[in-house]
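Engineer: need a 3D model of the following:
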Amino acid sequence: LFCELTISPLGHCGDFENIKMAEDLKPLATEKFLPCQPPTPRLSEDEVVPPDRDGGRHILRNFTLMSVLFSANHGCVEACLGLATSRLGSIGARQSGILYFSYTASSLLGATYVVKRMGARDALLLGMGLYCAYVGCFFVAAFFLWDGVMGRVAAYSGAAIGGVGAGILWTAQGVYFGRAAEEHSWRTDQPTAVSTASLAGIFASWLLGGGVVLRLLSTLLIEAGASWGAVFGTYTAVALLSTAAMPCVHNFSHAAARDGDGRAESVFYKVTAAGQLLVRDPKMKYMFGLNATFGFAAAFLNSYVNGQVVPDARYIGIFSAWVSVVAAGASVVFGRISPTVGKDVVLIVGALCFLGVVLPFVVVPDAGAYGWTSLFAVYSLQGVGRATFEGTLKARFADFFPNEKEGAFANIIFQSGLCSAIGYVLTFSLLCDDPSFRYCIQYSDGTLHDVLTFELIVVISSIVAILGYLRASTLYRKQQLFISIPT
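Structural biologist: Residues are numbered from 1 along each chain as shown. The predicted structure follows:
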C-alpha cells in the first residue's frame, strides 16, 4: 500500500495530517492538486437522470466552432512562421526566437492570471487578437526592406506581441477544452477520459486540417502571380475575421478561482500557477521531455530543414501543408484507437516520430542529398508526432492535472516554447570553421554551421521523453489508487 490513511472523527476529507505515503507521492497529497471530494450519494432507480444526448451534441457543435475559429487564426500564424526563415534568413530566425521566448515567458508569468481572471472564452478572444499582431507584422514589413530599420522593428515587435498572445491563447484553449470535456462527460454520462479523447480528436483534426489549407495558400497565391504583400495581407485578414467571430462561441460560466478551503486564490498564485505546479507536482517535471522533444523537432524543421534543405521557398507551403494533412489524419486515427490501445502507446509513438525527423540528418548530413521522397518522409514523421502532441498529449494533461487546468496547460506552453526558442537560436549560433567536417554545413548565406549538436539534442530529448512519461504515468496510477482507497 502507498499510504496509511486515518480520517478524523469529523470525516473531513481534506485533512491529510495523518497521511503517510511514499516520498514521491507526498507532493500529490495537497488540497490544491489532490482534492478529496465527498462521496456521491447513491441514487435510487427512480432518481437516476438519463443522459442528455442533445446537450452532449450541443457541446460538440460548440466545441467544433471554437476549433474552426482557433484553427483559422493559428493556421495563419503557422504559415507565417514556416515562411519566416526562408524569406528572411537570420532575421526570420531571430524573429522566431523572440516569438517563442515571449510565448514562454508569458506562459510562466501572467497567462494563468489572465485566464483565471477573464475566463477561458474571453481569454481566447484576447489571445487571438494579440496573435494578429504577429501575422500583421509580415504584412506591414512586406512594404519595407526586411533588412531595413522599419522592417526589423515590425518583425521583432510583432513577434514579441504575438508571443504574449500565444501564451494566453494556448493556456485558455487548454482550460476551455477541459471544461468542455467535463460538461460533455456530465451530459452524456460517460467517463471524462472518454470525452477528453473525443474532443482532443476533434480539436486536433480541425487545427491541423485548417493548417493544410492556410499553408498551401501561400504556394497557390505565389504561383498565381500574387506578391508576398498580398499573401501576408490575406493571412492578416483571415486572422482578424476569425478573431471577430469568437464571441459566437459559448462562454462557460466562470467563477472566481478558489483554493481547497474555498478562499479566493491570491494574485500571486494566479500569476505563478504554472511554476508552482511544476515544482509541487512530481508528474509535471516528468512530462517535460514530451514537450521538449516537440519544441526542438519543430524548431529544427522550421529553421534548418525549411531554410537550408528545401530547395525553393515556393515549396515550403506544400511540405508544411503535408505535415498538417498527415497530422489531421493521424489525429482521427489516434482519437479512435487511444481508448483501446491506451494513450501511453500513442504518446510513445509520437516521441519516436520526432526522433525520426532528425535521425536521417544524423546519418546523412548532406543537405543536398534530400529529394522530394525523402523530404516527404521527414515531414510525414513530423505530422504523426504533431498529431500526438496536439491531441493525445493535451488529453493526457487534462487527465493528469484536472484541478489546475490553467497551470497545467501553461506548462505545455512553457516547456515546448522554451525548447523551440532555444532551437531557433541554436540553428544560427552553432558555428564551425572546418568545411571538411561532414556535419559542418554551409548555409545559404555562406556561413558554416554545426548541425550535429542540435540533432543530438533532439535525439536525446526524445529518449528522455519516453522514460519521463512512463514515470509520470506510474505516479498517476498510484495517485488514482490512493484516491480510490475506501474510507
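Engineer: now the longest helix seen in the chain, how far from the chain's geometric center?
Structural biologist: If you go by DSSP state H, the chain has its longest helix at helix 149-188. How far helix 149-188 lies from its chain's middle: 9 Å, per CA atoms, centre = their mean, to the nearest Å.
Engineer: low-confidence stretches in the stretch 351-487 of the chain?
Structural biologist: 483-487 (pLDDT under 70).
Engineer: at 50 instead, please
Structural biologist: For the stretch 351-487 of the chain, residues meeting the criterion pLDDT under 50 lie at 487.
Engineer: quick one: the helices in it?
Structural biologist: Assigned by DSSP state H, counting those that start in this stretch, the stretch 351-487 of the chain shows helices spanning 372-387, 394-400, 405-429, 452-484.
Engineer: what about the nearest residue to Thr192 once chain neighbours are set aside, distance to Tyr469?
Structural biologist: Residue nearest to Thr192 in three dimensions, not counting chain neighbours: Ser185, with 4.3 Å by CB to CB, 6 or more residues apart in numbering. Backbone N, C-alpha and C define where each C-beta goes, glycine included. Taking CB to CB, to the nearest Å as the measure, Ser185 falls 24 Å from Tyr469.
Engineer: in the next helix or strand after the longest helix of the chain, which residues are buried?
Structural biologist: On the C-terminal side of helix 149-188, the nearest following helix or strand under DSSP states H and E is helix 192-223. Using 16 or more other CB atoms under 10 Å as the test for burial, helix 192-223 gives 192-193, 195-219, 221-222.
Engineer: that older thread, the more surrounded of Ser185 and Tyr469?
Structural biologist: Tyr469 (24 against 20; other CB atoms under 10 Å).
Engineer: right, and that one touches Phe288 too?
Structural biologist: No: with contact defined as CB atoms under 8 Å, Tyr469 does not reach Phe288; the gap is 9.7 Å.
Engineer: distance of the closest residue to Phe143 other than its chain neighbours from Ala142?
Structural biologist: Leaving out its chain neighbours, the residue that sits closest to Phe143 by CB to CB, 6+ apart is Gly229, at 6.2 Å. Applying CB to CB, the value for Gly229 to Ala142 is 4 Å.
Engineer: those two: which is more packed in?
Structural biologist: Ranked by neighbour count (other CB under 10 Å), Gly229 and Ala142 place Ala142 first, with 18 against 14.
Engineer: distance of the more buried one from Leu216?
Structural biologist: 19 Å.
Engineer: and what of Asn291?
Structural biologist: Taken as CB to CB, the span from Asn291 to Leu216 is 28 Å.
Engineer: now do Tyr156
Structural biologist: For Tyr156 relative to Leu216 (CB to CB), the value is 28 Å.
Engineer: and what of Ser67?
Structural biologist: From Ser67 to Leu216 the distance is 19 Å (CB to CB).
Engineer: and if you look at Ala351?
Structural biologist: 28 Å.
Engineer: go on, Gly174?
Structural biologist: 28 Å.
Engineer: Tyr235 now?
Structural biologist: 12 Å.
Engineer: what comes up buried for the one helix or strand Leu241 maps to?
Structural biologist: Per DSSP H and E, Leu241 falls inside helix 228-244. By neighbour count with 16+ other CB under 10 Å, helix 228-244 contains the buried residues Trp228, Val231, Phe232, Gly233, Thr234, Tyr235, Thr236, Val238, Ala239, Leu240, Ser242, Thr243.
Engineer: surely the third one and Cys132 touch.
Structural biologist: So the one you mean is Phe232. No: proximity of Phe232 to Cys132 does not meet the contact threshold set by CB under 8 Å, at 12.0 Å.
Engineer: for burial, what's the neighbour tally of Val149?
Structural biologist: 9.
Engineer: tell me the one among the buried residues of helix 228-244 nearest to Tyr476.
Structural biologist: The shortest approach to Tyr476 among those belongs to Ser242, at 35.3 Å (CB to CB).
Engineer: quick one: pLDDT of the closest residue to the closest one other than its chain neighbours?
Structural biologist: Take Ser242 and drop its neighbours on the chain: the residue closest to it by CB to CB, 6+ apart is Ala72, 3.9 Å away. Ala72 carries a pLDDT value of 94.
Engineer: likewise the one 10 residues further on?
Structural biologist: The score at Gly82 is 75. That number is its pLDDT.
Engineer: OK, contacts around it?
Structural biologist: With contact set as CB atoms under 8 Å, 6 or more residues apart in numbering, Gly82 has these partners: Arg215, Asn302, Asn306, Ile316, Gly317, Ser320.
Engineer: next, format those as CSV and append pLDDT and secondary structure.
Structural biologist: Below are the contacts of Gly82 laid out as CSV (pLDDT from 0 to 100; DSSP: H, G, I helix; E, B strand; the rest coil):
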residue, pLDDT, secondary structure
Arg215, 81, helix
Asn302, 82, helix
Asn306, 83, helix
Ile316, 78, helix
Gly317, 74, helix
Ser320, 79, helix
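Engineer: buried ones only from these, please, as a PyMOL command.
Structural biologist: To isolate the buried subset of the contacts of Gly82 in PyMOL, counting by 16+ other CB under 10 Å, use the following:
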select buried, resi 215+302+306+316+317+320
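Engineer: what distance do you get for Gly110 to Gly275?
Structural biologist: 11 Å.
Engineer: what's the answer for Arg87, then?
Structural biologist: To Gly275, Arg87 is 36 Å away according to CB to CB.
Engineer: can you tell me the closest non-neighbouring residue to Gly289?
Structural biologist: Distances taken as CB to CB, 6+ apart place Ala465 nearest to Gly289, at 3.3 Å, with adjacent residues excluded.
Engineer: my bad, Asn62
Structural biologist: Nearest in space to Asn62, with sequence neighbours left out and distances taken as CB to CB, 6+ apart, is His250 at 4.5 Å.
Engineer: one more: Phe203?
Structural biologist: Ser67 (4.7 Å).
Engineer: I'd like the next helix or strand past the helix or strand that neighbour falls within.
Structural biologist: Assigned by DSSP H and E, Ser67 belongs to helix 53-88. The helix or strand immediately downstream of helix 53-88 is helix 90-108, counting by DSSP H and E.
Engineer: buried residues in that following helix, which are they?
Structural biologist: 91-108.
Engineer: for it, packing partners?
Structural biologist: If contacts are counted by 3 or more CB pairs under 8 Å, 6 or more residues apart in numbering; DSSP states H and E, helix 90-108 sits against helix 53-88, helix 149-188, helix 267-280, helix 282-299, helix 405-429.
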